[in-house]
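Student: Sequence and predicted structure below; questions after.
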Amino acid sequence: MTSPRIQAALDNAARCAAGAPHSEPAQTPPVPRTRRVAIGDPQADLGRFLAILDRHGLLGANGWLLPHVQLVSVGDHFDWGGREEREAVARSCLRLVAWLAAHPADQAIILAGNHDLGRVGEMAEFTDATFAQAQAEADRVYSGDDTDEAQEHAFLERYPHVPTVELVSRDFGNFREEQRAWVTHLLRQRRLRVAYAAGPSLLVLHAGVTREDLREVGVAEGSQGDAPTVAAALNGALDAAVEAWKGGRLVIPKLHHPGSAASSEGVGIFYQRPSLSPEEAELTRRTPRRRFDPRRLPLGLTQVVGHTKDKRTRQLLRLPGEVREGMLRHLLTDGAQVSYAHGAPARTGPGEAVLVFTDGGMREAPVEAYELFDLDARAAAPPG
(Lines give C-alpha, C1' and ligand atoms only; values in the text may rest on other atoms or scores of the structure.)
Protein backbone atom coordinates (compact mmCIF):
# COMPACT_ATOMS: atom_id res chain seq x y z
CA MET A 1 0.00 0.00 0.00
CA THR A 2 1.33 3.44 -0.96
CA SER A 3 0.82 6.23 1.53
CA PRO A 4 0.73 9.89 0.45
CA ARG A 5 4.22 10.22 1.95
CA ILE A 6 5.56 7.35 -0.15
CA GLN A 7 3.94 8.72 -3.30
CA ALA A 8 5.42 12.15 -2.65
CA ALA A 9 8.85 10.54 -2.20
CA LEU A 10 8.45 8.57 -5.45
CA ASP A 11 7.57 11.79 -7.27
CA ASN A 12 10.58 13.54 -5.77
CA ALA A 13 12.87 10.69 -6.80
CA ALA A 14 11.59 10.65 -10.40
CA ARG A 15 12.09 14.40 -10.68
CA CYS A 16 15.63 14.26 -9.24
CA ALA A 17 16.71 11.39 -11.50
CA ALA A 18 15.42 13.16 -14.61
CA GLY A 19 18.01 15.92 -14.23
CA ALA A 20 21.79 16.01 -14.30
CA PRO A 21 23.65 14.37 -11.40
CA HIS A 22 23.38 16.59 -8.36
CA SER A 23 23.95 16.31 -4.63
CA GLU A 24 23.13 18.64 -1.77
CA PRO A 25 25.92 19.85 0.52
CA ALA A 26 25.67 19.59 4.29
CA GLN A 27 23.07 21.85 5.82
CA THR A 28 24.20 25.12 7.36
CA PRO A 29 23.67 26.01 10.04
CA PRO A 30 23.67 22.36 11.21
CA VAL A 31 20.30 20.82 12.08
CA PRO A 32 20.22 18.41 15.03
CA ARG A 33 19.62 14.86 13.75
CA THR A 34 18.15 13.24 16.83
CA ARG A 35 17.06 9.99 15.19
CA ARG A 36 19.91 8.20 13.41
CA VAL A 37 19.39 4.87 11.67
CA ALA A 38 21.31 2.62 9.29
CA ILE A 39 19.55 0.67 6.56
CA GLY A 40 20.87 -2.47 4.89
CA ASP A 41 21.59 -3.00 1.19
CA PRO A 42 18.68 -1.34 -0.69
CA GLN A 43 18.61 -3.86 -3.53
CA ALA A 44 14.84 -3.72 -3.88
CA ASP A 45 12.18 -1.64 -5.58
CA LEU A 46 12.24 2.00 -4.52
CA GLY A 47 8.64 1.75 -3.34
CA ARG A 48 9.58 -1.04 -0.94
CA PHE A 49 12.61 0.90 0.34
CA LEU A 50 10.40 3.92 1.00
CA ALA A 51 7.70 1.77 2.61
CA ILE A 52 10.28 0.52 5.12
CA LEU A 53 11.27 4.09 5.94
CA ASP A 54 7.62 5.09 6.23
CA ARG A 55 6.85 2.20 8.58
CA HIS A 56 9.60 3.47 10.87
CA GLY A 57 8.22 7.01 10.86
CA LEU A 58 11.12 8.55 8.94
CA LEU A 59 9.29 10.18 6.00
CA GLY A 60 7.61 13.56 6.04
CA ALA A 61 4.47 14.58 4.17
CA ASN A 62 6.66 16.30 1.58
CA GLY A 63 8.30 13.02 0.55
CA TRP A 64 11.67 13.70 2.18
CA LEU A 65 13.26 12.44 5.36
CA LEU A 66 11.97 14.29 8.41
CA PRO A 67 14.36 17.08 9.43
CA HIS A 68 15.48 15.38 12.66
CA VAL A 69 16.27 12.06 10.87
CA GLN A 70 19.68 10.94 9.68
CA LEU A 71 19.75 7.90 7.39
CA VAL A 72 22.92 5.92 6.66
CA SER A 73 22.65 3.65 3.61
CA VAL A 74 25.29 0.92 3.79
CA GLY A 75 25.84 0.53 0.04
CA ASP A 76 24.87 -1.60 -2.96
CA HIS A 77 22.19 0.60 -4.47
CA PHE A 78 22.13 -1.22 -7.83
CA ASP A 79 21.53 -4.69 -9.31
CA TRP A 80 18.71 -7.00 -8.37
CA GLY A 81 15.83 -8.82 -10.02
CA GLY A 82 15.46 -11.09 -13.01
CA ARG A 83 16.11 -10.53 -16.69
CA GLU A 84 12.55 -9.43 -17.39
CA GLU A 85 12.83 -6.65 -14.79
CA ARG A 86 16.05 -5.03 -15.97
CA GLU A 87 14.65 -1.80 -17.38
CA ALA A 88 12.37 -1.16 -14.43
CA VAL A 89 15.12 -2.02 -11.95
CA ALA A 90 17.67 0.25 -13.66
CA ARG A 91 15.18 3.13 -13.40
CA SER A 92 14.32 2.34 -9.77
CA CYS A 93 17.98 2.16 -8.73
CA LEU A 94 18.83 5.50 -10.27
CA ARG A 95 15.85 7.17 -8.63
CA LEU A 96 16.88 5.81 -5.24
CA VAL A 97 20.40 7.24 -5.55
CA ALA A 98 19.07 10.57 -6.82
CA TRP A 99 16.56 10.78 -3.93
CA LEU A 100 19.25 10.11 -1.35
CA ALA A 101 21.65 12.61 -2.93
CA ALA A 102 18.97 15.32 -2.90
CA HIS A 103 19.07 15.34 0.90
CA PRO A 104 21.73 17.35 2.72
CA ALA A 105 25.02 15.46 2.94
CA ASP A 106 24.83 15.35 6.73
CA GLN A 107 21.32 13.87 6.64
CA ALA A 108 21.56 11.08 4.04
CA ILE A 109 24.93 9.33 4.31
CA ILE A 110 25.58 7.33 1.14
CA LEU A 111 28.17 4.58 1.55
CA ALA A 112 29.75 2.72 -1.34
CA GLY A 113 29.28 -0.98 -1.96
CA ASN A 114 30.86 -3.25 -4.54
CA HIS A 115 27.87 -2.83 -6.87
CA ASP A 116 28.15 0.96 -6.69
CA LEU A 117 31.88 0.96 -7.43
CA GLY A 118 31.29 -1.60 -10.17
CA ARG A 119 29.88 1.26 -12.27
CA VAL A 120 33.36 2.79 -12.36
CA GLY A 121 35.17 -0.54 -12.09
CA GLU A 122 34.17 -3.62 -14.03
CA MET A 123 31.57 -1.61 -16.01
CA ALA A 124 33.84 1.38 -16.70
CA GLU A 125 34.55 0.45 -20.34
CA PHE A 126 30.94 -0.12 -21.41
CA THR A 127 28.54 2.18 -23.20
CA ASP A 128 24.84 1.35 -23.14
CA ALA A 129 25.16 -0.09 -26.65
CA THR A 130 28.21 -2.26 -25.97
CA PHE A 131 26.77 -3.45 -22.66
CA ALA A 132 23.49 -4.45 -24.33
CA GLN A 133 25.45 -6.43 -26.89
CA ALA A 134 27.62 -8.08 -24.22
CA GLN A 135 24.64 -8.87 -22.05
CA ALA A 136 22.75 -10.51 -24.91
CA GLU A 137 25.78 -12.75 -25.46
CA ALA A 138 26.18 -13.38 -21.73
CA ASP A 139 22.54 -14.41 -21.40
CA ARG A 140 23.08 -17.08 -24.03
CA VAL A 141 26.20 -18.40 -22.32
CA TYR A 142 25.46 -18.10 -18.60
CA SER A 143 23.77 -21.16 -17.06
CA GLY A 144 24.80 -21.00 -13.42
CA ASP A 145 27.10 -23.85 -12.39
CA ASP A 146 26.53 -25.43 -15.80
CA THR A 147 28.01 -22.55 -17.79
CA ASP A 148 30.15 -23.92 -20.63
CA GLU A 149 33.80 -23.05 -19.91
CA ALA A 150 34.82 -22.80 -23.55
CA GLN A 151 31.98 -20.41 -24.34
CA GLU A 152 32.81 -18.31 -21.29
CA HIS A 153 36.48 -18.19 -22.27
CA ALA A 154 35.52 -16.95 -25.74
CA PHE A 155 33.25 -14.32 -24.18
CA LEU A 156 36.02 -13.06 -21.92
CA GLU A 157 38.41 -12.78 -24.83
CA ARG A 158 35.95 -10.30 -26.37
CA TYR A 159 35.27 -8.53 -23.05
CA PRO A 160 38.50 -8.83 -21.02
CA HIS A 161 37.58 -6.05 -18.58
CA VAL A 162 35.04 -8.30 -16.82
CA PRO A 163 35.95 -11.39 -14.78
CA THR A 164 33.01 -13.70 -15.55
CA VAL A 165 30.04 -14.05 -17.84
CA GLU A 166 27.83 -14.18 -14.72
CA LEU A 167 28.80 -10.62 -13.80
CA VAL A 168 27.35 -9.27 -17.05
CA SER A 169 24.27 -11.49 -17.14
CA ARG A 170 23.34 -11.32 -13.45
CA ASP A 171 25.60 -9.68 -10.86
CA PHE A 172 25.85 -6.23 -12.49
CA GLY A 173 22.97 -6.87 -14.83
CA ASN A 174 21.19 -3.51 -14.46
CA PHE A 175 24.08 -1.30 -15.57
CA ARG A 176 23.38 1.93 -17.47
CA GLU A 177 25.74 4.77 -18.41
CA GLU A 178 23.67 7.31 -16.47
CA GLN A 179 24.28 5.30 -13.30
CA ARG A 180 28.01 5.63 -13.89
CA ALA A 181 27.58 9.38 -14.34
CA TRP A 182 25.84 9.64 -10.97
CA VAL A 183 28.40 7.48 -9.18
CA THR A 184 31.22 9.52 -10.71
CA HIS A 185 29.59 12.76 -9.59
CA LEU A 186 29.05 11.48 -6.05
CA LEU A 187 32.67 10.33 -5.85
CA ARG A 188 33.99 13.65 -7.14
CA GLN A 189 31.80 15.55 -4.68
CA ARG A 190 32.94 13.31 -1.79
CA ARG A 191 29.34 12.32 -1.24
CA LEU A 192 29.83 8.58 -1.82
CA ARG A 193 31.96 7.49 1.12
CA VAL A 194 33.71 4.36 2.36
CA ALA A 195 32.82 4.71 6.02
CA TYR A 196 30.92 6.84 8.53
CA ALA A 197 31.85 7.23 12.18
CA ALA A 198 28.54 7.15 14.03
CA GLY A 199 30.21 7.28 17.44
CA PRO A 200 33.61 6.96 19.12
CA SER A 201 33.67 3.19 18.62
CA LEU A 202 30.85 2.78 16.07
CA LEU A 203 31.70 2.56 12.36
CA VAL A 204 29.29 2.06 9.44
CA LEU A 205 30.58 0.69 6.12
CA HIS A 206 29.64 -1.84 3.48
CA ALA A 207 31.52 -5.02 4.30
CA GLY A 208 33.84 -4.63 7.29
CA VAL A 209 37.58 -4.23 7.77
CA THR A 210 40.26 -6.15 9.67
CA ARG A 211 43.39 -5.08 11.50
CA GLU A 212 45.42 -5.87 8.39
CA ASP A 213 43.18 -3.73 6.19
CA LEU A 214 43.57 -0.79 8.55
CA ARG A 215 47.31 -1.26 8.79
CA GLU A 216 47.45 -0.91 4.99
CA VAL A 217 45.99 2.61 5.24
CA GLY A 218 48.20 3.67 8.14
CA VAL A 219 45.98 3.11 11.15
CA ALA A 220 48.14 1.88 14.03
CA GLU A 221 46.77 -1.01 16.06
CA GLY A 222 46.32 1.21 19.11
CA SER A 223 43.95 3.48 17.12
CA GLN A 224 41.93 0.81 15.36
CA GLY A 225 39.10 0.93 17.89
CA ASP A 226 38.59 4.66 17.26
CA ALA A 227 35.87 5.01 14.62
CA PRO A 228 36.64 8.63 13.59
CA THR A 229 40.31 7.73 13.00
CA VAL A 230 39.37 4.65 10.99
CA ALA A 231 36.74 6.49 8.92
CA ALA A 232 39.15 9.32 8.15
CA ALA A 233 41.82 6.88 6.94
CA LEU A 234 39.43 4.89 4.76
CA ASN A 235 37.75 7.96 3.27
CA GLY A 236 41.15 9.56 2.78
CA ALA A 237 42.31 6.58 0.73
CA LEU A 238 39.21 6.89 -1.46
CA ASP A 239 39.66 10.64 -1.90
CA ALA A 240 43.30 10.21 -2.91
CA ALA A 241 42.33 7.57 -5.46
CA VAL A 242 39.54 9.72 -6.90
CA GLU A 243 41.84 12.75 -7.07
CA ALA A 244 44.31 10.75 -9.16
CA TRP A 245 41.61 9.08 -11.25
CA LYS A 246 41.41 10.35 -14.83
CA GLY A 247 38.62 8.06 -15.97
CA GLY A 248 38.34 4.37 -16.71
CA ARG A 249 38.55 1.87 -13.87
CA LEU A 250 38.80 3.27 -10.35
CA VAL A 251 41.30 1.42 -8.14
CA ILE A 252 41.78 2.26 -4.46
CA PRO A 253 45.29 0.98 -3.76
CA LYS A 254 45.41 -1.71 -1.06
CA LEU A 255 41.64 -1.53 -0.53
CA HIS A 256 39.78 -2.13 -3.81
CA HIS A 257 40.68 -3.71 -7.14
CA PRO A 258 37.92 -4.36 -9.70
CA GLY A 259 37.84 -7.75 -11.35
CA SER A 260 38.84 -8.60 -14.91
CA ALA A 261 39.41 -11.66 -17.06
CA ALA A 262 43.13 -11.48 -16.28
CA SER A 263 42.84 -11.02 -12.50
CA SER A 264 39.55 -12.89 -11.88
CA GLU A 265 36.92 -11.50 -9.48
CA GLY A 266 37.33 -8.15 -7.77
CA VAL A 267 38.98 -8.06 -4.36
CA GLY A 268 39.06 -5.69 -1.43
CA ILE A 269 37.05 -4.33 1.45
CA PHE A 270 33.84 -3.85 -0.55
CA TYR A 271 33.70 -7.52 -1.56
CA GLN A 272 35.00 -9.33 1.51
CA ARG A 273 32.98 -11.48 3.90
CA PRO A 274 33.87 -13.17 7.20
CA SER A 275 34.70 -16.85 6.83
CA LEU A 276 35.75 -19.68 9.13
CA SER A 277 35.70 -22.26 6.37
CA PRO A 278 38.89 -24.37 6.42
CA GLU A 279 38.72 -24.56 2.63
CA GLU A 280 38.94 -20.76 2.44
CA ALA A 281 41.50 -20.24 5.19
CA GLU A 282 44.27 -19.37 2.74
CA LEU A 283 42.07 -16.69 1.13
CA THR A 284 41.76 -14.85 4.46
CA ARG A 285 45.53 -14.37 4.84
CA ARG A 286 46.06 -11.97 1.95
CA THR A 287 45.01 -8.38 1.25
CA PRO A 288 43.12 -7.26 -0.68
CA ARG A 289 40.81 -10.28 -0.70
CA ARG A 290 37.23 -11.59 -0.75
CA ARG A 291 37.27 -13.38 2.63
CA PHE A 292 38.57 -12.44 6.07
CA ASP A 293 38.98 -14.26 9.36
CA PRO A 294 36.57 -12.53 11.80
CA ARG A 295 39.07 -13.14 14.62
CA ARG A 296 41.17 -10.43 12.95
CA LEU A 297 38.55 -7.71 13.44
CA PRO A 298 39.79 -4.60 15.31
CA LEU A 299 39.10 -5.03 19.01
CA GLY A 300 37.04 -2.30 20.63
CA LEU A 301 35.27 -1.41 17.37
CA THR A 302 31.66 -2.14 16.42
CA GLN A 303 31.19 -2.22 12.65
CA VAL A 304 27.73 -1.92 11.13
CA VAL A 305 27.80 -3.62 7.73
CA GLY A 306 25.64 -4.92 4.90
CA HIS A 307 26.75 -7.10 1.97
CA THR A 308 25.94 -10.52 3.47
CA LYS A 309 22.56 -12.01 4.31
CA ASP A 310 21.87 -14.53 7.06
CA LYS A 311 22.04 -17.68 4.93
CA ARG A 312 25.37 -16.79 3.36
CA THR A 313 26.85 -15.70 6.68
CA ARG A 314 25.97 -19.02 8.27
CA GLN A 315 27.49 -20.91 5.36
CA LEU A 316 30.79 -19.04 5.60
CA LEU A 317 30.97 -19.26 9.39
CA ARG A 318 29.91 -22.93 9.26
CA LEU A 319 27.12 -22.31 11.75
CA PRO A 320 23.78 -24.12 11.64
CA GLY A 321 20.57 -22.41 12.69
CA GLU A 322 17.33 -20.90 11.46
CA VAL A 323 17.70 -18.37 8.63
CA ARG A 324 15.63 -15.25 9.24
CA GLU A 325 14.96 -12.65 6.54
CA GLY A 326 14.77 -9.01 7.56
CA MET A 327 16.40 -9.33 10.97
CA LEU A 328 19.52 -7.66 12.28
CA ARG A 329 22.28 -10.07 13.27
CA HIS A 330 25.61 -9.75 15.00
CA LEU A 331 28.99 -11.43 15.23
CA LEU A 332 31.08 -11.08 18.39
CA THR A 333 34.71 -12.05 18.89
CA ASP A 334 37.44 -11.54 21.45
CA GLY A 335 40.07 -12.47 18.88
CA ALA A 336 39.87 -16.16 19.71
CA GLN A 337 36.22 -17.24 19.98
CA VAL A 338 33.48 -16.24 17.55
CA SER A 339 29.73 -16.18 18.17
CA TYR A 340 26.88 -15.26 15.85
CA ALA A 341 23.22 -14.61 16.66
CA HIS A 342 20.07 -12.85 15.54
CA GLY A 343 19.40 -9.39 16.92
CA ALA A 344 21.65 -6.51 17.91
CA PRO A 345 24.50 -7.11 20.35
CA ALA A 346 24.57 -6.16 23.99
CA ARG A 347 27.06 -3.48 25.00
CA THR A 348 30.59 -4.73 24.50
CA GLY A 349 33.99 -3.84 25.89
CA PRO A 350 37.39 -2.78 24.52
CA GLY A 351 38.54 -6.40 24.28
CA GLU A 352 35.78 -7.39 21.87
CA ALA A 353 35.03 -6.74 18.21
CA VAL A 354 31.53 -6.69 16.74
CA LEU A 355 29.93 -6.87 13.32
CA VAL A 356 26.27 -5.85 13.11
CA PHE A 357 24.75 -7.18 9.87
CA THR A 358 21.97 -5.03 8.40
CA ASP A 359 21.41 -6.79 5.05
CA GLY A 360 18.14 -8.55 5.74
CA GLY A 361 17.28 -9.31 2.13
CA MET A 362 15.14 -6.24 1.46
CA ARG A 363 13.56 -7.71 -1.64
CA GLU A 364 12.60 -10.99 0.04
CA ALA A 365 11.64 -9.88 3.55
CA PRO A 366 8.16 -8.56 4.35
CA VAL A 367 8.20 -4.78 4.86
CA GLU A 368 6.93 -5.21 8.41
CA ALA A 369 9.76 -7.63 9.24
CA TYR A 370 12.64 -5.54 7.90
CA GLU A 371 14.72 -4.08 10.73
CA LEU A 372 16.78 -0.90 10.77
CA PHE A 373 19.64 -0.28 13.17
CA ASP A 374 19.30 2.61 15.62
CA LEU A 375 22.79 4.08 15.82
CA ASP A 376 22.23 5.71 19.20
CA ALA A 377 20.38 2.91 20.99
CA ARG A 378 22.49 0.28 19.18
CA ALA A 379 19.37 -1.79 18.77
CA ALA A 380 16.64 -2.42 16.22
CA ALA A 381 14.84 0.84 15.49
CA PRO A 382 11.20 0.76 16.62
CA PRO A 383 8.42 1.34 14.07
CA GLY A 384 7.20 4.92 13.92
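Tutor: Cool, got the structure.
Student: Show me this structure divided up by domain.
Tutor: 4-15+32-123+172-380, 125-171 (automatic domain parsing).
Student: Would you mind listing the buried residues in stretch 220-239?
Tutor: 224-231, 233-235, 237-238 (16 or more other Cβ atoms under 10 Å). C-beta here means a position set from N, CA and C on the backbone, and glycine is covered the same way.
Student: now swap in stretch 22-30 and tell me
Tutor: 23, 24.
Student: do stretch 246-257 as well
Tutor: The neighbour-count criterion (16+ other Cβ under 10 Å) identifies 249, 250, 251, 252, 254, 255, 256, 257 as the buried residues of stretch 246-257.
Student: Just give me the longest helix of this protein.
Tutor: Longest helix of the chain, by residue count under DSSP state H: helix 227-244.
Student: Give me the packing partners of it, helices and strands only.
Tutor: helix 177-188, strand 195-199, strand 202-205 (3 or more Cβ pairs under 8 Å, 6 or more residues apart in numbering; DSSP states H and E).
Student: if we go to 10 Å?
Tutor: Contact analysis of helix 227-244 by 3 or more Cβ pairs under 10 Å, 6 or more residues apart in numbering; DSSP states H and E lists helix 177-188, strand 192-193, strand 195-199, strand 202-205, helix 211-216, strand 256-257, strand 302-305 as its packing neighbours.
Student: who's in contact with residue 89?
Tutor: 43, 44, 45, 46, 78, 79, 80, 81, 82, 173, 174 (Cβ atoms under 10 Å, 6 or more residues apart in numbering).
Student: oh sorry, the question was meant for residue 287
Tutor: 209, 210, 212, 213, 215, 216, 254, 255, 267, 268, 269, 272.
Student: Then residue 238?
Tutor: Residue 238 touches 112, 117, 187, 190, 192-195, 217, 250, 252, 255-256, counting by Cβ under 10 Å, 6+ apart.
Student: Show me the helices in the chain, by range?
Tutor: Counting by DSSP H, the helices of the chain are 4-18, 46-55, 86-101, 114-118, 128-141, 149-158, 165-166, 177-188, 211-216, 227-244, 310-317.
Student: and the longest one, what's its mean pLDDT?
Tutor: Here helix 227-244 scores 98 as its mean pLDDT.
Student: what about the stretch 1-150 of the chain, any weak spots by pLDDT?
Tutor: Within the stretch 1-150 of the chain, the segments meeting pLDDT under 70 span 1.
Student: Put the buried members of the contacts of residue 287 into a ChimeraX selection.
Tutor: Here is the ChimeraX command that picks out the buried ones among the contacts of residue 287, judged by 16+ other Cβ under 10 Å:
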select :209,210,212,213,216,254,255,267,268,269,272
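Student: Against the centre of the protein, work out the most remote residue.
Tutor: residue 150 (32.8 Å; Cα atoms, centre = their mean).
Student: Find the residue at the geometric middle of this protein.
Tutor: Within the chain, and using Cα atoms, centre = their mean, the residue nearest to the centre is residue 75, at 2.4 Å.
Student: Who are the contact partners of that residue?
Tutor: Per Cβ under 10 Å, 6+ apart, neighbours of residue 75: 40-42, 110-117, 192-194, 204-207, 270, 305-307, 359.
Student: Can you report how many residues neighbour residue 172?
Tutor: 23 (other Cβ atoms under 10 Å).
Student: Residue 130 too?
Tutor: Per other Cβ under 10 Å, the neighbour tally for residue 130 reads 11.
Student: Ok, residue 155 next?
Tutor: 24.
Student: Quick check, pLDDT for the nearest residue to it once chain neighbours are set aside.
Tutor: Using Cβ to Cβ, 6 or more residues apart in numbering and skipping the chain neighbours, the partner closest in space to residue 155 is residue 165 (5.1 Å). For residue 165, the model assigns a pLDDT of 97.
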